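**Q** sequence and predicted structure are below.
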Amino acid sequence: MNWKEQAKTSTWKLAEWLKGRVWRLRELYHPDSLRQKGLFGSLLLLLVTALVIAVFVGWYWSREPEPFDVRQVALKQVGGDEARLVVGVTYTATLVRIGETLLGKPGGYLSNDVMPPGVWLDNMPNWEFGALVMLRDAAAALRNHFARSQSQSVEDPDLAQAEPIFNFSNDSWMFPATEREYRKGLRALGDYERRLGDQQARQAQFFARADNLRQYLEIVEKRLGSLSQRLSASVGQLRINTDLAGDSLARKSTATPAAVEVKTPWLQLDDVFYEARGATWALRAILQAVEYDFEDILKKKNALISLRQIIRELDESQQPTLSPVILNGSGFGLFANYSLTMANYIARANAAVIDLRDLLQRG
């Protein structure tokens, strides 16, 4: 039996099984059957069925979005006209797509849900927050660096409207709802993007320069460093306090011991993991857009390969998890530690970002 026949047989068996389940449900919920069970039995049956449906819906809503092709997204935004695919369009279209994914994926935006099953879920809201932080950083870089030629140049009005909106509370249910505010920001980004491709609207600009990119990568470096440290703390670490970097004249607000023990609480391990998954998913797309829009300057600085290595490390961090739960064994114990594995990929990406910034600084 070839694979087509096997697939046909499997599909037929699945259809028969589903048919049997449907008939079974019809029997359970038949008026005569409900009368036999009585009021309590009927309510219990309805409750169990509702819980089963909620679990299935929650599982479906918790599936992470797939990566997307930033070039195809940008082409779609300009109606397939490559002549309008000017520098900056790919970067901006990528930010819009990240925002649309946060709001339009299965289940919609879950961080502000107050009803089941969304209120019971925590993995996807943490994933959303990680992606949102990267969207905020990229939008701030676009407003303050990429769209401005000098420090004293006038900022773009659409970006001045969009960037603060993405810093609105990520869990507001209503008055106003988070989704409503973020959609305003996405519309403003879309207006800026359309003006970029319009040769008559010369006020909208995107300056792909090495110094601008270095300023954005400095923020990326700090984000990745923080995520790596929080993930590594899943097993607990005794760290030497390096806050003052050995400077004898440096001071800080409050005294701290020379060595501190850092450990992520057990109930927050999966929260940090999924926040990192969302952050690396969004950052991967943003850096792919950077590769297109900054291609000339990256080649001139011999930095294109370094950027691609960062993207490759972020790709590896998106591998599917084979366990239904996030395993966090000890560092050299019998069980896998997903947090340490994720921290490894992020730390390597962070090291590559540092190298990339160094290359961009050279003449």
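**A** Looks like it came in fine.
**Q** can we go C-alpha only for contacts and neighbour counts from here?
**A** Noted.
**Q** in this structure, which spans are helices?
**A** 3-28, 31-61, 70-77, 89-104, 123-141, 157-165, 178-196, 210-232, 269-293, 295-300, 304-316, 338-361 (DSSP state H).
**Q** and the last one, what's buried?
**A** Okay, so that is helix 338-361. 338-340, 342-350, 352-354, 356-357, 359-360 (16 or more other CA atoms under 10 Å).
**Q** for stretch 87-99, buried residues please.
**A** For stretch 87-99, by 16+ other CA under 10 Å, it's 87-99.
**Q** what's the local residue count around V52?
**A** The local packing of V52 (other CA atoms under 10 Å) involves 12 other residues.
**Q** got a pLDDT number for it?
**A** You'll see V52 listed with a pLDDT of 76.
**Q** likewise L360?
**A** L360 is given a pLDDT of 93.
**Q** that one and N212 touch, don't they?
**A** No. The pair L360 / N212 is not scored as a contact, 9.9 Å apart, by CA atoms under 8 Å.
**Q** the spatially closest residue to N126 that is not a sequence neighbour and R209, how far apart?
**A** Nearest residue to N126 in three dimensions, chain neighbours excluded: E275, at 4.7 Å (CA to CA, 6 or more residues apart in numbering). Counting by CA to CA, to the nearest Å, the gap from E275 to R209 is 30 Å.
**Q** over to V114?
**A** Counting by CA to CA, the gap from V114 to R209 is 44 Å.
**Q** with E128 instead?
**A** Counting by CA to CA, the gap from E128 to R209 is 30 Å.
**Q** neighbour count: those two, which is higher?
**A** E128 (27 against 17).
**Q** that one against E275, yeah?
**A** Yes. E128 sits in contact with E275 when judged by CA under 8 Å, with a separation of 7.2 Å.
**Q** what's the weakest-modelled helix or strand in the protein?
**A** Taking mean pLDDT, DSSP states H and E as the measure, the chain has helix 3-28 as its least confident helix or strand, at a mean of 54.
**Q** tally of neighbours for G108?
**A** 15.
**Q** burial measure for the residue nearest to it when sequence neighbours are not counted, as a count.
**A** Nearest residue to G108 in three dimensions, chain neighbours excluded: L102, at 7.0 Å (CA to CA, 6+ apart). Neighbour count for L102, taken as other CA under 10 Å: 23.
**Q** show me the contacts for L189.
**A** Contacts for L189 (CA atoms under 8 Å, 6 or more residues apart in numbering) come out as T92, V96, D158, L159, A162.
**Q** greatest separation within those residues: which pair is it?
**A** Across the contacts of L189, the longest distance by CA to CA is 13.3 Å; it joins V96 and D158.
**Q** residues touching N123, list them.
**A** Residues in contact with N123 (CA under 8 Å, 6+ apart) are S62, D270, D271, Y274.
**Q** so which of those residues wins on neighbours?
**A** For the contacts of N123, neighbours tallied by other CA under 10 Å; top is Y274, 24 neighbours.
**Q** roughly how far does G99 sit from R180?
**A** On the measure of CA to CA, G99 and R180 end up 12 Å apart.
**Q** likewise for F294?
**A** 32 Å.
**Q** next: W61.
**A** From W61 over to R180 (counting by CA to CA), the distance is 20 Å.
**Q** okay, these two: which has more neighbours?
**A** Neighbours were counted for W61 and for R180 using other CA under 10 Å; W61 has more, 20 against 14.
**Q** what's the closest non-adjacent residue to A289?
**A** Per CA to CA, 6+ apart, closest to A289 is Y91, 4.8 Å.
**Q** quick one: that neighbour and R284 touch, right?
**A** No. No contact is recorded between Y91 and R284 when judged using CA under 8 Å, the distance being 11.9 Å.
**Q** who touches both of the two?
**A** If you check Y91 and R284 against CA under 8 Å, 6+ apart, no residue is contacted by both.
**Q** ok so, going back, and which of the contacts of N123 is nearest V235?
**A** Using CA to CA, those come closest to V235 at D270, 13.0 Å.
**Q** identify, from the contacts of N123, the entry nearest to Q319.
**A** Closest to Q319, out of all of these and judged by CA to CA, is Y274, at 12.6 Å.
**Q** what's the separation between that closest one and L356?
**A** In terms of CA to CA, Y274 sits 26 Å off from L356.
**Q** so what are the domain limits for this protein?
**A** The chain resolves into domains spanning 28-61, 62-240+258-361 when parsed by automatic domain parsing.
**Q** deepest-packed of these, please.
**A** Of all these, domain 62-240+258-361 has the most neighbours on average by mean count of other CA atoms under 10 Å, namely a mean of 18.
**Q** and that one, how far out from the chain's middle?
**A** Centroid displacement of domain 62-240+258-361 relative to its chain, using CA atoms, centre = their mean, to the nearest Å, is 6 Å.
**Q** please renumber so the chain begins at 55
**A** All right, first residue 55 from here; so that's domain 116-294+312-415.
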